[in-house]
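Undergrad: I would like to see how this sequence folds:
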Amino acid sequence: MSSPSTKSASRRSAPPVLSDAELARIAGELAEGKPPMVWFTSAAVGVAEGKSGKVVALDDPSAGDFLQVRPTGSKDVLSFGPSEVTLTKPARGTTVAPGGSTRTRQESVPAPSNRKDNTVTQPSTLPSTATPAPRSLAPVPDDAAKPAAPAAPRPAKAPAVRKAKAAEVTVTLTGTADGEWTVDVVNGKKRSVKGMAVSSAVVAQAAKILHPEVAEVVAGILEAARGAQQAKVAQLQAELEAAERLLAELGD
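TA: Numbers count the residues shown, from 1 in each chain. Sure, this is the predicted structure:
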């Protein structure tokens with residue numbers, strides 16, 4: 001029967017994740033334009049344990065794999081969870097466990113030899129006896145003289161390839177009653193263009209290219225804006241004429 005301590009030691013614990021302080025540090029360095037270096041743990045899928053990479057962006061934590069990391073030597077940006085990377089650089093001869101802990105590889109130590117030294121000392125003088133005739137040695141086969149061929153190494157298992165997420169692009173066109181138009185572009189989680197002014201002519205041309213229903217809606221908005229501007233011009237002309245009459249009367 002195993003003791004309670006043995007049972008608790010053999011029970012597998014959940015892998016630790018990056019702490020809030022470490023995530024805040026990563027976000028701060030990204031804000032300064034300095035992508036922080038991280039190292040992959042044994043929980044990382046598709047990347048060798050201990051390999052390094054740089055965090056290029058942070059997504060919404062509710063997405064799970066919200067750390068956008070570019071592995072060293074690769075141009076792809078992959079998504080990882082907080083248990084798949086660590087800020088602690090693994091020491092030489094260690095592997096990185098999930099959450100940043102390290103495991104030291106145990107090196108085998110040769111067992112002490114129990115063989116006794118059986119060296120025999122040859123006497124300095126030999127008795128004067130008849131010299132024996134030399135014995136003929138049997139020839140050694142060629143196969144025995146050749147060293148054994150080394151075993152062929154096993155091919156390394158290729159890591160699973162993670163597919164990079166395709167970024168979603170959202171384009172929003174906003175128009176006012178005065179005929180002013182602006183466009184906003186959101187690339188993934190980042191707003192690339194905000195409140196860029198565009199002319200009514202460009203909006204009308206783009207609407208015709210997109211779809212007839214879109215062109216019809218935009219044409220109605222442009223017609224309403226055109227009517228409002230014409231009314232404003234008429235009002236300004238009337239005010240100008242009234243001001244000119246008053247100026248003429250003051251001049252007389």
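Undergrad: From now on I want contacts and neighbour counts done on CA atoms only, so please keep to that.
TA: Will do.
Undergrad: tell me what the helix or strand where residue 170 lies is packed against?
TA: Using DSSP states H and E, residue 170 falls within strand 169-175. If you count contacts as 3 or more CA pairs under 8 Å, 6 or more residues apart in numbering; DSSP states H and E, strand 169-175 packs onto strand 181-187.
Undergrad: repeat that for 10 Å
TA: strand 181-187, strand 190-198, helix 200-210, helix 212-251 (3 or more CA pairs under 10 Å, 6 or more residues apart in numbering; DSSP states H and E).
Undergrad: which outside residues touch it?
TA: Here strand 169-175 makes contact (CA atoms under 10 Å, 6 or more residues apart in numbering) with 180-198, 200, 203, 218, 221-222, 225.
Undergrad: quick one: buried residues of stretch 176-193?
TA: Buried residues in stretch 176-193, counted by 16 or more other CA atoms under 10 Å: 179, 181-186.
Undergrad: oh sorry, the question was meant for stretch 189-205
TA: Buried residues in stretch 189-205 (16+ other CA under 10 Å): 200, 203-204.
Undergrad: do stretch 33-51 as well
TA: Those would be 35-44, 47-51, for stretch 33-51 by 16+ other CA under 10 Å.
Undergrad: Could you single out the nearest of these to residue 156?
TA: residue 48 (11.9 Å; CA to CA).
Undergrad: shouldn't the closest one be in contact with residue 42?
TA: Yes - here residue 48 reaches residue 42: they are 7.9 Å apart, a contact under CA atoms under 10 Å.
Undergrad: returning to that earlier point: between the strand holding residue 170 and strand 190-198, how big is the angle?
TA: Angle, strand 169-175 to strand 190-198, by axes from the mean of the first three to the mean of the last three CA atoms, to 10 degrees: 30 degrees.
Undergrad: wait, doesn't residue 18 sit right on residue 80?
TA: No - taking contacts as CA under 10 Å, residue 18 lies outside contact range of residue 80: 11.6 Å.
Undergrad: Quick check: neighbours shared by the two?
TA: Joint contacts of residue 18 and residue 80 (CA under 10 Å, 6+ apart) do not exist.
Undergrad: Go ahead and report the secondary structure state at residue 82.
TA: coil (DSSP: H, G, I helix; E, B strand; the rest coil).
Undergrad: Contacts only, for residue 238.
TA: Contacts of residue 238 by CA under 10 Å, 6+ apart are 232, 244.
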